[in-house]
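Provided below for reference: sequence and predicted model.
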Amino acid sequence: MSAVYLDCNATTPLEPSVAEVVRRFMEKDYGNPASPVHDFGTFARMAVEKARGEVAEVVGARRDEVIFTSGATEANNLAILGLAAHGLATGRRHVIGTKIEHKAVLEPLEALTALGFEVDLLPVGSDGRVCVEELQAVLRPDTLLVTIMHVNNETGVIQPLAEIAAALEGHPAILHTDAAQGFGKDIFPLQSPRIELISISAHKIYGPKGVGALVARKRSGSPLPLRPLMFGGGQEQGLRPGTLPAPLIAGLGTAARLAGRNHLERNEMNRQFRARALAALAPLKPTVNGDPAYALPHAVNLALHGIPAARAIDALKDLVAVSSSSACTAGSTETSHVLAAMGVPRCTADCSIRLAWSHLTPEPDWAGVVALLQSIRTEFTHGG
């Protein structure tokens, strides 16, 4: 029996109906959407615009506010670095982020610092959440951008976006969220019109890898002052040049539509899976990193005291595929910056693993998982 995949925060399996759509536009309607002079191009263009509307509907945006990208990383870069010229021109050179952001946000923020911007990174509590009052304390008249993730990729903890949006009412700062982990799962917060920039990835919602979008809401009917990071074409309102990958975009659109339609059912299935998983793992006496009351039901970050995470992940690979941190830093020996920001001791963080599942996940051999982990604990407790 092959291992059960429990790393859905890194990437999700492809929904079968999404795969059919991608295949159709790979093999049959494979025209360039920028060449609607024949049926091939026309059908591809229609698919792109249909997908644009499907993505927009999930967050209550307009079709023309969706800019297709290669994924959330590119969308984050466009959202953050695309505002740099405006910030420099207007003297608004202050940006607020958090210490638990994905590297796809933290590194663009570092690039802004190199350009002369001042960046404040908010701490989080032991529950894994930002304190809105601390945001208000560092907010300044020259704050250009506030970027706070929707759902943390390591803990599954949801950030208080509604409260953050309310705290920014009347302030000109643009609010951006990296919603790679929450889009299509935690629906209603992203529908707030005050959240003006939303980054998403298809492969986090059972769609294909290599495509995502930046939702850029208009202010009073006018586009946000974004500038492109690449040049060489007028596609995507001049913000993202290059031939649009119609098969991938069609897949994203279908995945977004299914997520919007089925999120409640999926969440309930994931909630039941979580309950069974925690009950099965209870003999190991794990502790949960982050407050479960604020976490999405498809992921959990567990500290397995006395069991080094690296050893557990390797030993379990024939039973379950799990990880210990972000997929982008999985090969690093550094302690998770997310758990460190939450005040989790190094010894606990080094024994913490992340499990993330989906509505497509089969039930693992939990008894086998527990037995194997108990043997590892005995090995390290008694020195072999």
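Good, I have the coordinates. Numbers count the residues shown, from 1 in each chain.

strands of this protein, residue ranges please.
Listed in chain order, the strands of the chain (DSSP state E) span 4-5, 66-69, 94-98, 118-122, 143-147, 174-178, 197-201, 212-216, 287-288, 299-303, 320-321, 352-356.

what's in contact with the fourth one?
Residues external to strand 118-122 that are found in contact with it (Cβ atoms under 8 Å, 6 or more residues apart in numbering): 93-99, 101, 109-110, 112-113, 130-131, 134-135, 138, 148. From N, CA and C alone the C-beta is placed, and that goes for glycine too.

buried ones among those residues?
93-98, 101, 109, 112, 130, 134-135, 148 (16 or more other Cβ atoms under 10 Å).

Phe231 and Gly238, how far apart?
9 Å (Cβ to Cβ, to the nearest Å).

so the two - more neighbours on which side?
Comparing Phe231 with Gly238 by other Cβ atoms under 10 Å, the one with more neighbours is Gly238, at 14 against 7.

quick one: contacts for the closest residue to that one other than its chain neighbours?
Spatial nearest neighbour of Gly238, excluding adjacent residues (Cβ to Cβ, 6 or more residues apart in numbering): Pro228 at 6.3 Å. Residues near Pro228 by Cβ under 8 Å, 6+ apart: 78, 82, 238-241.

do Asn267 as well
Per Cβ under 8 Å, 6+ apart, neighbours of Asn267: 185, 296-298.

cutoff 10 Å now
185-187, 296-298, 359 (Cβ atoms under 10 Å, 6 or more residues apart in numbering).

kindly report the same for His171.
136, 139-141, 143, 146, 194.

let me know the closest of these to Ala180.
Each of the contacts of His171 was checked against Ala180 using Cβ to Cβ; the closest is Val146, at 17.6 Å.

for the chain, what are the low-confidence residue spans?
1, 325-333, 383-384 (pLDDT under 70).

coming back round to it: what subset of the contacts of Asn267 is buried?
Buried among the contacts of Asn267 (16+ other Cβ under 10 Å): 185-187, 296-298, 359.

which phi and psi does Asp127 have?
Reported as degrees, to the nearest 10, the phi and psi values for Asp127 are phi -80, psi -10.

burial measure for it, as a count.
With other Cβ under 10 Å as criterion, Asp127 counts 17.

OK, contacts around the closest residue to it other than its chain neighbours?
Spatial nearest neighbour of Asp127, chain neighbours left out: Asp291 (3.7 Å); criterion: Cβ to Cβ, 6+ apart. Taking Cβ under 10 Å, 6+ apart as the contact definition, Asp291 lies against 125-129, 155, 157-158, 342.

and the gap between Asp291 and Leu197?
27 Å.

which residues does the closest residue to Cys131 other than its chain neighbours contact?
Of all residues not flanking Cys131 in the chain, Gly125 sits nearest, at 6.5 Å (Cβ to Cβ, 6+ apart). If you count contacts by Cβ under 10 Å, 6+ apart, Gly125 has them with 131, 134, 290-291, 341-343.

could you export those residues as JSON lines, including distance to Asp29?
Formatted as JSON lines, the contacts of Gly125 follow (distance: Cβ to Cβ, whole Å):
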{"residue": "Cys131", "distance to Asp29": "50"}
{"residue": "Glu134", "distance to Asp29": "50"}
{"residue": "Gly290", "distance to Asp29": "44"}
{"residue": "Asp291", "distance to Asp29": "47"}
{"residue": "Ala341", "distance to Asp29": "46"}
{"residue": "Met342", "distance to Asp29": "47"}
{"residue": "Gly343", "distance to Asp29": "53"}
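
now, the most widely separated pair of those?
Glu134 and Gly290 (17.8 Å).

show me the contacts for Ala137.
120, 122, 131.

still on that earlier bit, looking at the contacts of His171, state which has the most neighbours.
For those, neighbours tallied by other Cβ under 10 Å; top is Val146, 27 neighbours.

distance of it relative to Glu196?
Val146 is 10 Å from Glu196, by Cβ to Cβ.

now do the shared contacts for the two.
165, 168, 173-177.

most widely separated two among these?
Ala173 and Thr177 (13.0 Å).

which of these two has more neighbours?
Thr177 (30 against 19).

give the contact list for the closest residue to the more buried one other than its chain neighbours.
In this structure, Thr177 finds its nearest non-sequential neighbour in His150, 4.8 Å apart by Cβ to Cβ, 6+ apart. His150 makes contact with 158-159, 161, 177-183, 185-186, 189-190, 195, 198-200, 296, according to Cβ under 10 Å, 6+ apart.

equivalent analysis for Gln272, please.
Pro297.

again with Asp64
Per Cβ under 10 Å, 6+ apart, neighbours of Asp64: 49, 52-53, 56, 216, 218, 223, 237.

those, buried ones only, as a ChimeraX selection?
The following ChimeraX line selects those of those that are buried, judged by 16+ other Cβ under 10 Å:
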select :49,52,53,56,216
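
relative to Glu74, which of the contacts of Asp64 is nearest.
Ala216 (13.2 Å).

so that closest one makes contact with Ala75?
Yes. Contact criterion Cβ atoms under 10 Å: Ala216 and Ala75 qualify, at 9.3 Å.

can you pull the residues that touch both of those two?
Between them, Ala216 and Ala75 share the contacting residues 67, 82, 176, 197-198, judged by Cβ under 10 Å, 6+ apart.

by neighbours, which of those wins?
Going by other Cβ under 10 Å, Ile198 tops these with 31 neighbours.

quick one: that one and Arg217 touch, right?
Yes. The pair Ile198 / Arg217 is scored as a contact, 8.3 Å apart, by Cβ under 10 Å.

mutual contacts of these two, please.
In contact with both Ile198 and Arg217: 59, 61, 65, 175, 192, using Cβ under 10 Å, 6+ apart.

now stretch 159-170: buried residues?
159-161, 163-165, 167-168.

take those residues and lay them out in TSV including distance to Lys285.
Shown next, in TSV, are the buried residues of stretch 159-170 (distance: Cβ to Cβ, whole Å):
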residue	distance to Lys285
Gln159	29
Pro160	30
Leu161	33
Glu163	34
Ile164	35
Ala165	39
Ala167	39
Leu168	42
